[in-house]
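Participant: sequence and predicted model, in that order:
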Amino acid sequence: MKSALLTIVLLIISNIFMTMAWYGHLKMQSMGLIKNWPLFAVILLSWGIALLEYCFMIPANRIGYVENGGSFSMMQLKVIQEVITLTVFTIISVFFLSGEKLHWNHLAAFLCLVGAVFFVFMPTGSK
């Protein structure tokens, strides 16, 4: 159980960096911080932030993977990661990046992802 919790915490941290690498530059541009930067400089900035993402993502997957003594199959790790990605993105985009509004269809899509987690953790009867 300890490795499962550590895996999830590392995935959350990783996804914070991922969201900032992929979308944070748009907020920085609108704030005027990197408005006149050439695209290659913005790419290098994002790659630097993404490096931090990988510093948390890779250990999360290694620690969480069942063949390394963790709690999750590879498929479970991926589905967990996707749900965390969208949760982190939603929180950051609504409150920090652009102030986007949540609509009913966003919530419906999120519920479908929760369903994906349910189904990926259902026993299959085979190993």
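Facilitator: Looks like it arrived, so ask away. Numbers count the residues shown, from 1 in each chain.
Participant: okay but residue 63 is in contact with residue 3, surely?
Facilitator: Yes. Residue 63 lies in contact with residue 3 (Cβ atoms under 8 Å); the separation is 5.3 Å. In short, each C-beta sits where N, CA and C put it, glycine included.
Participant: and the longest helix for this protein?
Facilitator: helix 39-64 (DSSP state H).
Participant: next helix or strand past that helix?
Facilitator: helix 74-92 (DSSP states H and E).
Participant: hmm, back to that, quick one: common contacting residues for residue 63 and residue 3?
Facilitator: residue 70 (Cβ atoms under 8 Å, 6 or more residues apart in numbering).
Participant: quick revisit: pLDDT (mean, whole number) over the longest helix of the chain?
Facilitator: Across helix 39-64, the average pLDDT comes to 96.
Participant: show me how far it is from its chain's centre.
Facilitator: 11 Å (Cα atoms, centre = their mean, to the nearest Å).
Participant: sweet, I'm off.
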